[in-house]
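Participant: my questions concern the predicted model and sequence given below.
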Amino acid sequence: MAGEASRVVPLKAGGLPRSVEKAPHSVQAEQALIGAIMLNNRVYDELEGCLQSDHFYVPLYGEVFRAAEEIINHRGVEANPINIAERLKASQFNADKSLFPQLTQIFETASFSGDARSLANVILTTFRQRQLMGLAVSVHGEAVSATTPEKVEELLDAAGAELFRLAEVGGNSAVSYDLRVYMRGVLSDAMEARENGGGLTGISSGFVDLDKILGGFQRSDLIVIGARPSMGKTSLVLNMAQSIVAGYQKGHPNTGPVAIFSLEMSGKQLGTRLVARAANVSSQQVSSGSLSDAEFQRVALALNELANMPLYIDETAALTLTGLRARARNLKRKHGIGLIIVDYLQLMSSPIKGDHSRVQEISMISKGLKHLARELDVPVIAVSQLSRSVESRDNKRPQLSDLRESGSIEQDADVVLMLYRNDYYLSRALGTGDEAATDADRRKLADMKDQLERCRGITELLVSKNRKGPTDTVKLFFDERTTTFRNYAPFGQQ
């Protein structure tokens with residue numbers, strides 16, 4: 001909870017004392033797995049990184065597992081009783097010089113012939129039980145003193161984060177700080193990008209030119225999409241979501257299920273837009289039912305297609321950061337979501353109370369969303385309203401400075417995208433009348449109409465910040481009737 005008000009306590013599961021009787025554990029499973037690993041080091045590979053030394057109940061077995069892991073991964077020699085005892089000879093477990101005999105006895109009685117994962121599952125299950133029991137003790141103690149709404153909110157978020165961490169235990173998520181681990185990740189991304197022709201390493205946005213600049217939306221990144229009202233922010237993120245989940249259903253790489261937290265529009269309103277776009281009719285036609293037989297058939301087909309999409313919509317109004325994080329963790333655990341969209345950031349309720357400015361509150365929310373992106377290891381797209389200062393300028397293209405009045409959004413974001421539609425501002429300037437007082441006014445009016453026709457539908461998506469690459473401007477085409485963004489092509493090639 002970086003940037004948030006200090007927690008009641010940094011909650012941590014596993015506070016259950018070892019002296020507590022009947023703490024769940026299985027000495028037999030732990031000993032059998034240690035023996036199997038020493039008997040055949042390839043057993044360790046079957047665990048696929050799901051087990052860590054601190055998952056063991058018996059400290060000795062946890063330390064032996066750690067030693068075996070280090071020998072297998074870093075030394076390139078066999079993790080047998082001799083090498084493990086040598087590595088631990090100066091440890092507390094060999095104070096009476098009995099470690100080697102103990103390891104030898106385990107080795108000689110090892111008769112493992114089953115599945116290493118089944119033993120690991122027993123160890124993980126009892127570890128989780130102990131952790132949950134410890135968390136319950138910790139939460140109970142803190143709940144007694146959490147006497148204000150703010151402290152209860154903090155405690156709920158801390159407990160939710162710890163429960164999510166426990167849910168992820170054993171999910172191939174072993175932590176390693178060895179640089180070689182990250183170097184392998186860098187190499188893997190580079191090889192993937194090379195195979196894709198220098199293209200995607202993240203989730204595709206659905207827009208070719210944007211993907212070329214960003215390489216897709218990268219895991220753990222916070223992407224901010226900013227614009228003034230009526231630019232099409234919601235339509236853009238819906239386009240992206242629909243494209244991503246459609247690709248996921250077809251088995252395309254660089255896709256995944258998507259979660260949308262819609263704080264402004266209802267799920268039904270979003271559904272109407274999605275159907276209208278898929279059926280190539282206007283949202284107004286879908287809402288009013290003014291459809292021809294052919295259009296109604298297209299709508300019915302679109303409904304059936306969309307109903308099965310792994311797109312999850314939460315329409316809770318005034319959602320708090322704590323509530324959003326709890327829901328996102330649940331969706332990640334249950335459905336494996338690959339991308340989160342928040343529409344829009346300024347409508348979220350403050351995570352703090354008291355005498356704080358809205359700028360401070362927004363800063364806390366943006367920091368919390370960045371923290372969530374890292375915690376769940378998914379891209380988080382946050383739609384943001386820009387300040388009114390845009391409207392007072394002759395050139396109304398948005399700038400990064402238009403975000404600065406909304407706290408630290410610019411600093412927290414890894415990518416900032418800004419929408420600009422010149423046809424919107426030209427239409428507003430023209431108004432509804434065609435009268436002009438002078439020839440100069442008439443020429444100016446005619447020139448504006450000509451500009452409007454030439455730029456109608458053309459949208460600029462400004463990549464104003466890109467922490468990992470260049471900034472640039474991407475052109476998209478916007479169909480106002482169906483509120484659909486498409487890859488831009490020059491007129492005559494649409």
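Facilitator: Alright, I've got the coordinates.
Participant: so residue 261 lies in a strand, does it not?
Facilitator: Yes: counting by DSSP: H, G, I helix; E, B strand; the rest coil, residue 261 is part of a strand.
Participant: tell me the bridge partners for it.
Facilitator: With DSSP bridges as the criterion, residue 261 is bridged to residue 314, residue 342.
Participant: outline the domain layout of the protein.
Facilitator: Residue ranges for the domains of the chain, per automatic domain parsing: 27-168, 203-419.
Participant: can you give me the end-to-end span of the longest one?
Facilitator: Okay, so that is domain 203-419. 20 Å (Cα to Cα, to the nearest Å).
Participant: for stretch 408-420, same thing?
Facilitator: Stretch 408-420 has an end-to-end distance of 22 Å (criterion: Cα to Cα).
Participant: mind listing what's buried in that stretch?
Facilitator: Using 16 or more other Cβ atoms under 10 Å as the burial criterion, the residues of stretch 408-420 that qualify are 408-410, 412-420. The way it works is simple: take the backbone N, C-alpha and C, and place the C-beta from them, glycine included.
Participant: low-confidence ranges, the protein, go.
Facilitator: Residues of the chain meeting the criterion pLDDT under 70: 1-21, 48-49, 74-76, 111-114, 168-199, 350-356, 404-407, 431-439, 441, 490-494.
Participant: tell me which of the domains of the chain lies nearest to residue 470.
Facilitator: Closest of these to residue 470 is domain 203-419, at 6.3 Å (criterion: Cβ to Cβ).
Participant: max-length helix in this structure?
Facilitator: helix 116-145 (DSSP state H).
Participant: so residue 482 sits in a helix?
Facilitator: No: in this structure, residue 482 is coil, not part of a helix, as judged by three-state DSSP.
Participant: buried deepest among the domains of the chain, which one?
Facilitator: Of all those, domain 203-419 has the most neighbours on average by mean count of other Cβ atoms under 10 Å, namely a mean of 19.
Participant: figure out how far that one is from the centre of its chain.
Facilitator: Distance of domain 203-419 from the chain centroid (Cα atoms, centre = their mean, to the nearest Å) equals 12 Å.
Participant: and if you look at stretch 65-81?
Facilitator: Distance, centroid of stretch 65-81 to centroid of chain: 35 Å (Cα atoms, centre = their mean).
Participant: list the contacts of that stretch.
Facilitator: 33-34, 37-38, 41, 44, 51, 53, 56, 83-84, 87-88, 100, 103-104, 106-107 (Cβ atoms under 8 Å, 6 or more residues apart in numbering).
Participant: tell me the centre residue of the protein?
Facilitator: residue 378 (2.6 Å; Cα atoms, centre = their mean).
Participant: and the buried residues of stretch 408-420, which two are the farthest apart?
Facilitator: For the buried residues of stretch 408-420, the maximum inter-member distance is 23.2 Å, found between 408 and 420 (Cβ to Cβ).
Participant: on that earlier part again, of the buried residues of stretch 408-420, closest to residue 386?
Facilitator: residue 418 (7.5 Å).
Participant: just the strands in the chain please.
Facilitator: With DSSP state E, the ranges of strands along the chain come out as 222-227, 258-262, 311-314, 339-343, 380-385, 415-420, 458-466, 472-479, 484-487.
Participant: can I get the domains of the chain in a markdown table with distance to residue 426?
Facilitator: Below are these laid out as a markdown table (distance: least, Cβ to Cβ, whole Å):
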| stretch | distance to residue 426 |
| --- | --- |
| domain 27-168 | 46 |
| domain 203-419 | 10 |
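Participant: between these, which gets nearest to residue 478?
Facilitator: domain 203-419 (5.9 Å).
Participant: would you mind measuring the gap between the ends of stretch 401-414?
Facilitator: With Cα to Cα applied, stretch 401-414 spans 16 Å between its terminal residues.
Participant: what's next to it, contact-wise?
Facilitator: 218, 221-224, 226, 345-346, 359-367, 369-370, 382, 384-387, 389-390, 400, 416, 418, 465-468.
Participant: change it to 7 Å
Facilitator: Stretch 401-414 is contacted from outside by 221-224, 226, 346, 359-360, 362-363, 366-367, 370, 384, 386-387, 389-390, 400, 416, 465, 467, using Cβ atoms under 7 Å, 6 or more residues apart in numbering.
Participant: thinking again about what came up before, need the strands of the chain in a markdown table (columns: distance to residue 395).
Facilitator: Shown next, in a markdown table, are those (distance: least, Cβ to Cβ, whole Å):
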| stretch | distance to residue 395 |
| --- | --- |
| strand 222-227 | 15 |
| strand 258-262 | 32 |
| strand 311-314 | 36 |
| strand 339-343 | 27 |
| strand 380-385 | 19 |
| strand 415-420 | 10 |
| strand 458-466 | 12 |
| strand 472-479 | 14 |
| strand 484-487 | 23 |
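Participant: so which of those strands comes closest to residue 322?
Facilitator: Minimum separation from residue 322 across the strands of the chain (Cβ to Cβ) falls at strand 258-262, 12.9 Å.
Participant: for that closest one, packing partners?
Facilitator: helix 233-249, strand 311-314, helix 321-335, strand 339-343 (3 or more Cβ pairs under 7 Å, 6 or more residues apart in numbering; DSSP states H and E).
Participant: nearest to residue 126, of those?
Facilitator: The minimum distance between residue 126 and these falls on helix 321-335, with 20.6 Å, by Cβ to Cβ.
Participant: in helices only, show me the contacts of stretch 65-81.
Facilitator: Short answer: those in helices (DSSP H) are 33-34, 37-38, 44, 83-84, 87, 100, 103-104, 106-107.
Participant: out of these, flag the one nearest to residue 341.
Facilitator: Taking the ones in helices among the contacts of stretch 65-81 together and measuring to residue 341 by Cβ to Cβ, the closest member is residue 44, at 40.2 Å.
Participant: pretty sure residue 306 sits against residue 275.
Facilitator: Yes: look at residue 306 against residue 275 with Cβ atoms under 7 Å: they come within range, at 6.4 Å.
Participant: would you mind measuring from residue 211 to residue 166?
Facilitator: Distance, residue 211 to residue 166, by Cβ to Cβ, to the nearest Å: 36 Å.
Participant: number of nearby residues for the closest residue to residue 236 other than its chain neighbours?
Facilitator: Nearest residue to residue 236, sequence neighbours excluded (Cβ to Cβ, 6 or more residues apart in numbering): residue 485, at 5.5 Å. As a burial measure, residue 485 scores 25 neighbours (other Cβ atoms under 10 Å).
Participant: residue 485 contacts residue 478, correct?
Facilitator: Yes: contact criterion Cβ under 7 Å: residue 485 and residue 478 qualify, at 5.5 Å.
Participant: now for those two: what residues contact both?
Facilitator: Counting by Cβ under 7 Å, 6+ apart, the common neighbours of residue 485 and residue 478 are 232, 459.
Participant: residue 296: what's it in contact with?
Facilitator: With contacts defined as Cβ under 7 Å, 6+ apart, residue 296 has no neighbours.
Participant: ah, wrong one, I meant residue 457
Facilitator: Contacts for residue 457 (Cβ under 7 Å, 6+ apart) come out as 423, 477-479.
Participant: same question, residue 279
Facilitator: Contact analysis of residue 279 by Cβ under 7 Å, 6+ apart lists 295, 298-299, 302.
Participant: just the closest of those to residue 141, please.
Facilitator: Distances from residue 141 to the contacts of residue 279, taken by Cβ to Cβ, are shortest for residue 302, at 53.1 Å.
Participant: leaving out chain neighbours, which residue sits closest to that closest one?
Facilitator: residue 278 (3.7 Å).
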